[in-house]
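Undergrad: coordinates only, sequence not included:
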């Protein structure tokens, strides 16, 4: 049975950063030095262990977050390598929700880039303690201190410099450790697996002493015991400092900063030490919070094996047509073959197999317990964000928040016989990715797919071809309009016809009135004719509904119209439900044509987050798209702009916003209402 001792020696961490900062390369090095892999894969050769999808190998970017685990200094380190591209932030979001700590990787040349800003703020929202690693110190133009300053300005973080680079660009030799006041050099021959500690070179001694003082000052601000010793000039041991730094990092008061060059195999072992020394174990973070699904009372689950079982499913993947669910176990334990309760769906699910993952390779294990991040086979109904728990102690953990898709396009199979295959594949892809949606448009009969950006949809279309063998054509997205009327009219219609040797007769008088936007359609019965039966009334309502399904301008559905039934004409011999249905449908259509019909277009509400220096350009662009700006608020360190814009003017907006804001703006949009086109 796992114990709390095992929990204190577990680290669940993620590597977060902007695209191209070197996350995957760092993960490769970590796996190599911890003995998990015996050859380092390189991203540029398409051989990285964690980038196993074909799309990832081709594009050299991470698309899905992969999970692996390794061992360092008698600790188990579970790592999730997350994507850096803005279209795949869901992968980061769901990973951060289940992690205890994170490594923010920054490129020494690019500094704090837009997407690292986004993911850093995501991590802050989930209160995830972080350490920072300034990578690529061997590249031309690398500037360690500029990156640290950018962390203060853009991220609002308090960086604690733990290491200084020794040399830079071509002459980057190693790092200076300010905790022990020694220098570390890596051996080229052993691919950086071996390193030596040497005295700090004399020309760097002044700089090292200055930053060591700064480190002591910063730490003593956060810890009274250190403050007392520091002020009375007593010697502080590395272990005392480590304890204080760890406590402050876990409270999110400090971010320890290290540096190196992952591609040159420099700086990885001290980073592993820092993961063990400064990032929290499952025991160090607050108990996970949820509520009782029956009573709604708040509850929590402490990170202990003895507590009742609780876990969160954070990712679903299809593996050769079978569903694999990634879960983070927060408390208790469960064996393979046992059942767990899903309180959100009110079902019991059997955990057929429990797998320990190493990227896309796996190893079967018999039991999962608190602190583990694993994959499970056999869960039929559980999806991303669902809780699993013990039935006798139910708890519903806070779900994962997803952004709604912002871009859509029409898609169809190239071969007609692939229609069912396509629908099945889309079903599987949307089960995997909650930010990907698809539907059949009732009006055009087209299949519409929606996602977070153009690259997102491109990758998904590529996967349809590769994994599901469905070739598709994609069209430009179409806006679906509506129609309404703009004045009140009355109209009377008589229907009289002989069909199949039988006479049919019905007379209907109606009044149409426009309603305020968003009211929907209403039917009011103001008829006082005693001959109007329930059957006839139902037929009239049905006829009006049929009439409203296509408007007089372009055949789009009519909305926000009130139909009042004023009078009916009945013939005892020849009136029947069918006649009333046809009469009312004709009456409605003819009345609409007289009621000055207008075309309505969908208006969306968009919220744009953008740094202040780009606000002017973004507002100018929205005005050119006929957008109405509703409010601008400041939410440090960005401006939040709320506007309503016609949907037809928002196609390609993600690309425009990125170029207007140097990639630092993000936006969400949702349908608001229909308005005159």
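TA: Thanks, I have it. In this text the structure is predicted, and so the values were computed from the model without any measurement.
Undergrad: low pLDDT regions in the stretch 101-250 of the chain?
TA: Residues of the stretch 101-250 of the chain meeting the criterion pLDDT under 70: 114-115.
Undergrad: likewise the stretch 351-500 of the chain?
TA: Counting by pLDDT under 70, the stretch 351-500 of the chain contains low-confidence ranges at 359-360, 402-407, 443, 452-454, 477-480.
Undergrad: what about the strands in it?
TA: For the stretch 351-500 of the chain, the strands defined by DSSP state E, counting those that start in this stretch occupy 353-358, 361-365, 367-369, 373-377, 387-389, 396-397, 407-413, 437-440, 447-451, 472-474, 482-485, 489-499.
Undergrad: In terms of secondary structure, what does the first one contact?
TA: Helices and strands touching strand 353-358, as assessed by 3 or more CB pairs under 8 Å, 6 or more residues apart in numbering; DSSP states H and E, comprise strand 66-72, strand 361-365, strand 373-377. Using the backbone N, CA and C atoms, a C-beta is placed for each residue, glycine as well.
Undergrad: what about residue 213, how many neighbours?
TA: Neighbour count of residue 213, defined by other CB atoms under 10 Å: 12.
Undergrad: As CSV, the strands of the stretch 351-500 of the chain with mean neighbour count would be great.
TA: Shown next, in CSV, are these (neighbours: other CB atoms under 10 Å):
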stretch, mean neighbour count
strand 353-358, 19
strand 361-365, 12
strand 367-369, 20
strand 373-377, 22
strand 387-389, 26
strand 396-397, 22
strand 407-413, 19
strand 437-440, 15
strand 447-451, 22
strand 472-474, 13
strand 482-485, 23
strand 489-499, 15
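Undergrad: Please name whichever of those is nearest to residue 223.
TA: strand 373-377 (31.2 Å; CB to CB).
Undergrad: and the end-to-end length of stretch 103-111?
TA: 15 Å (CA to CA, to the nearest Å).
Undergrad: can you give me how far that stretch is from the chain middle?
TA: A distance of 22 Å separates the centroid of the chain from that of stretch 103-111, by CA atoms, centre = their mean, to the nearest Å.
Undergrad: what does it contact?
TA: Applying CB atoms under 8 Å, 6 or more residues apart in numbering, the contact partners of stretch 103-111 are 13-18, 20-23, 26, 112-113, 116, 119-120, 123, 130-137, 139-144, 146-147, 150-151, 168, 255, 259, 271, 275.
Undergrad: got CSV for the strands of the stretch 351-500 of the chain, with distance to residue 232 too?
TA: Formatted as CSV, those follow (distance: least, CB to CB, whole Å):
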stretch, distance to residue 232
strand 353-358, 50
strand 361-365, 52
strand 367-369, 45
strand 373-377, 45
strand 387-389, 51
strand 396-397, 47
strand 407-413, 62
strand 437-440, 63
strand 447-451, 60
strand 472-474, 71
strand 482-485, 76
strand 489-499, 91
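Undergrad: Which among these is found nearest to residue 67?
TA: strand 353-358 (4.6 Å).
Undergrad: Can you tell me what sits against that closest one?
TA: Identification of contacts with strand 353-358 by CB under 8 Å, 6+ apart yields 36, 49, 66-69, 324, 326, 334-336, 362-368, 374-378.
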